[in-house]
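S.K.: what follows is a predicted protein model with its sequence.
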Amino acid sequence: MLYRVEGIVIRSMDYGEGNKIITLLTQTNGKLGVMVRGAKKVKSRYASLAQPFTYGEFVFFRNKGLGSLNAGEILESHHLLREQLDLAAYASYMAELTDRTLQEDESGVLLFEQLKAGLAALQEGKDPQIISHLYEMRILDVAGYSPEMDYCVNCSSDQGPYRLSPHAGGVLCSRCARNDAQAMSMSDGAYKLMKLFSRMDLRRLGAIQVKPETKQELKKLMRGLMDVHIGIQLKSRTFLDQMDKYSFE
C-alpha cells in the first residue's frame with residue numbers, strides 16, 4: 001500500500017553499503033520505519049531526506065513492517081540543528097526521547113505537533129533547555145503522568161508553599177510533604193514555571209528568559225519526574241549532562 005505522510009526524522013541509521021533506515025514521527029500514522037535506498041551515496045536525491053530532524057513529506061510503499069521510500073519533499077531541513085553542537089544535543093534528546101517512548105505505529109499526533117514546534121523554536125534561537133523541559137512535560141502527558149501542579153495531590157489543599165513529589169505525581173503542601181522524604185523543594189519562581197510548563201503548548205511559546213539558578217532548579221525537578229515516570233536511559237541525555245558540566249567548569 002502506498003502512503004503519503006508528513007513526518008519528522010527522529011532516527012537515521014546506516015543499513016548495508018548505501019542505504020539508510022529512518023524512523024519517522026508522522027502526523028497521521030504514528031511512529032514508523034522507512035528504508036531509504038541509496039541514501040548514503042553522494043549523488044542520492046534522497047540523502048537530505050534521511051537526515052535527522054528533517055521535516056518533510058514522505059511517499060513510501062508498505063505492507064507490514066518496514067516501508068520503502070518512493071519519493072519525498074523537504075518542508076524544513078533544520079540544518080542549523082545539525083551544525084551547532086548545543087542545538088544538535090537538545091534536538092537529539094527530544095528525538096531520542098520520542099523514539100524510545102512511543103511504540104511502533106502508536107498514535108503520535110500530539111507529539112508530532114509539539115516536536116515540530118520544538119524543533120522550530122530551537123532553530124529560532126529560543127532557550128533550548130526551556131524547550132526541552134516543555135517537551136518533557138508533553139511526553140509525560142502522553143504517557144499518562146502529567147504532574148498535578150495546582151493543589152496538593154494528597155489532601156487537595158490549594159495553599160502553598162509546595163514541594164514536588166515525583167512519586168506522588170505532583171505537589172504536596174508543607175504538611176503532607178513531611179511524610180515524603182523524597183519531596184523536592186521549589187522556589188516560588190521555579191514553581192510558577194513548572195505550573196506554566198504543565199499546561200503550555202509549545203506552538204505558543206514566546207520569548208522567555210529564566211535566571212541560570214532557576215534553570216538549574218528546573219532541571220533537577222524535571223529530572224526527578226522523568227526518572228520516576230519514564231525511567232529510560234538515553235545517550236543524548238548523558239551527552240547533555242557532560243556538556244552542562246564542561247560549561248560550568
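M.R.: Arrived safely, thanks for sending.
S.K.: any idea which element the residue most central in space within the chain lies in?
M.R.: Centroid-nearest residue in the chain: Met94, 3.1 Å away (criterion: Cα atoms, centre = their mean). Per DSSP states H and E: Met94 is located in helix 85-101.
S.K.: domain ranges for the chain, per the record?
M.R.: Using automatic domain parsing, the domain parsing of the chain gives 2-76, 80-248.
S.K.: hang on, the earlier thing: which one is the residue nearest to the centre of the chain nearest to, not counting chain neighbours?
M.R.: Of all residues not flanking Met94 in the chain, Tyr135 sits nearest, at 5.2 Å (Cβ to Cβ, 6 or more residues apart in numbering). (Each C-beta comes from the backbone N, C-alpha and C, glycine too.)
S.K.: list the buried residues in the helix or strand harbouring that neighbour.
M.R.: Tyr135 is part of helix 128-143 when elements are defined by DSSP H and E. Buried positions in helix 128-143, judged by neighbour count with 16 or more other Cβ atoms under 10 Å: 128-142.
S.K.: now tell me what touches stretch 188-196 from outside.
M.R.: If you take Cβ atoms under 8 Å, 6 or more residues apart in numbering as the criterion, stretch 188-196 is touched by 147, 149-150, 160-162, 164, 171, 186, 210-211, 214, 217-218, 221.
S.K.: returning to what we had before: any chance of CSV for the domains of the chain, columns mean pLDDT?
M.R.: Listed next are those as CSV, based on pLDDT from 0 to 100:
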stretch, mean pLDDT
domain 2-76, 93
domain 80-248, 93
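S.K.: any figure for the gap between Leu85 and Gly65?
M.R.: Per Cβ to Cβ, to the nearest Å, Leu85 is found 35 Å from Gly65.
S.K.: ok, now Ile131?
M.R.: From Ile131 to Gly65 the distance is 33 Å (Cβ to Cβ).
S.K.: got it, and Asp158?
M.R.: The value you get for Asp158 to Gly65, if Cβ to Cβ is used, is 50 Å.
S.K.: before we move on, what about Gly206?
M.R.: Gly206 is 42 Å from Gly65, by Cβ to Cβ.
S.K.: ok, now Ile21?
M.R.: From Ile21 over to Gly65 the distance is 11 Å, taken as Cβ to Cβ.
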